[in-house]
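Enquirer: Model the structure of this input:
(one chain, ligands or ions: 2)
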Amino acid sequence: MAMEGGCQCGALRYRCHSRGGPLYACHCRECRKQSASVFGLSLILPRKDFELLSGRPQVWTRGTNSGNRLRCAFCPTCGSRVWHEAHAQSETVTIKGGCLDEVPNLAEAIHIWVSRKLDSVAIPEGATCYPEEPPN
Ligand SMILES: [Zn+2]
Ligand SMILES: [Zn+2]
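Expert: Ligands and ions are numbered 1, 2, ... in the order given. Below is the predicted model:
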């Protein structure tokens with residue numbers, strides 16, 4: 001089942017040809033800064049299921065805790081962060097969940113970097129949680 005999403009101004013639009021998964025709610029400091037909110041929402045999607053419909057992203061690259069690089073694609077007009085990828089041909093892309101037209105069901109999210117969670121953020125009872133990165 002296809003889902004679509006895009007940036008705040010609508011210039012960047014994409015289609016997901018599968019539901020992807022898992023969905024992560026990440027409470028790390030990088031995700032807080034990136035989202036300018038209290039956690040980041042990341043949906044893992046096979047790249048073959050990802051189709052850019054319109055717009056041309058700009059890419060900013062940063063280092064990660066594990067010593068790798070992360071490519072962060074955003075809209076040059078409105079600045080929304082739309083997806084992340086390890087490199088331009090990586091097998092998966094990480095969709096920033098809030099940009100999907102229909103935001104994924106948060107009840108299904110796996111919470112990671114819970115050790116960095118803000119005290120005032122409540123995690124649903126029974127949710128899968130990891131203090132840091134999930135095990136591979
Ligand atoms: Zn935009
Ligand atoms: Zn994070």
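
Enquirer: For ligand 2, tell me whether stretch 24-39 is touching it.
Expert: Yes. Contact between stretch 24-39 and ligand 2, assessed by CB under 5 Å from the ion, occurs at 26, 28, 31. (Glycine included, C-beta is placed from N, CA and C.)

Enquirer: do stretch 80-93 as well
Expert: No. Contact of stretch 80-93 with ligand 2 (CB under 5 Å from the ion) is absent, the minimum separation being 9.9 Å.

Enquirer: returning to that earlier point: most neighbours of all the residues of stretch 24-39 next to ligand 2, which one?
Expert: For these, the largest neighbour count, defined by other CB atoms under 10 Å, is 25 neighbours, found at residue 26.

Enquirer: mind listing what that one touches?
Expert: By CB atoms under 8 Å, 6 or more residues apart in numbering, the contact list for residue 26 reads 39, 40, 41, 42, 111, 112, 113.

Enquirer: Name the SS class of the fifth one, please.
Expert: Assigned by DSSP: H, G, I helix; E, B strand; the rest coil, the conformation of residue 111 is strand.

Enquirer: correct me, but it touches residue 128?
Expert: Yes. Look at residue 111 against residue 128 with CB atoms under 8 Å: they come within range, at 7.0 Å.

Enquirer: Just want to know which of these two has more residues nearby.
Expert: residue 111 (21 against 13).

Enquirer: This completes my enquiry, with thanks.
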